[in-house]
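S.K.: Give me a 3D structure for the following:
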Amino acid sequence: MANGAVVTTIGKKAIAAIMNSANLVTHAAFGTGTTTPAITDTALVTAVDLDSAAAWAIGSDSTTNAIYTVVTSALSAVGAGRSITEVGLFDAAAFGSTHLIYREVHTAVVLSQLDTITYTIAITVG
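M.R.: Below you'll find the predicted structure:
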């Protein structure tokens, strides 16, 4: 007899649906950190305030099969030249009491004042 454990395809779909229906992910934040993401991350490396809001409410979320998709965007009210290199998804707006659900580091996107940055993040459960 072989030992092992798996999350089945139906289980993966259920987990993605729970992320969507339970309002697990409610806010996004942006930063300038470049440290490689790790499963032990608890915050963005260098969170920045783009428009005097600690974290932005997500625009929309959905689930298809085992993929949970979030769309979020923010308007940069700060001066020109802010290079955004990281985004994080959180379960609340106040950084001190939130849980980091997802963190991504990417090539810098340089924002000018009044630029909008938009992310479509697809999390595949599995």
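
S.K.: Quick check: Ala122 touching Thr69?
M.R.: Yes: judged on Cβ atoms under 8 Å, Ala122 makes contact with Thr69 at a distance of 4.8 Å. Where you see a C-beta, it was placed from the backbone N, CA and C, and this is true even at glycine.

S.K.: Have a look at the two and say which one is more surrounded.
M.R.: Taking other Cβ atoms under 10 Å, Ala122 and Thr69 do not tie; Thr69 has more neighbours (16 against 11).

S.K.: Would you tell me what helix or strand that one is located in?
M.R.: Element membership for Thr69 (DSSP states H and E) is strand 67-75.

S.K.: That strand pairs with which strands, and in what direction?
M.R.: Partners of strand 67-75 in the sheet, by DSSP bridges, are strand 60-64 (antiparallel), strand 116-124 (antiparallel).

S.K.: Helix or strand with the lowest mean pLDDT in the chain?
M.R.: strand 56-57 (a mean of 76; mean pLDDT, DSSP states H and E).

S.K.: Quick one: residues in contact with the strand holding Thr69.
M.R.: Here strand 67-75 makes contact (Cβ atoms under 8 Å, 6 or more residues apart in numbering) with 16, 19-20, 25, 28, 30, 50-51, 53, 56-63, 87, 89, 114-125.
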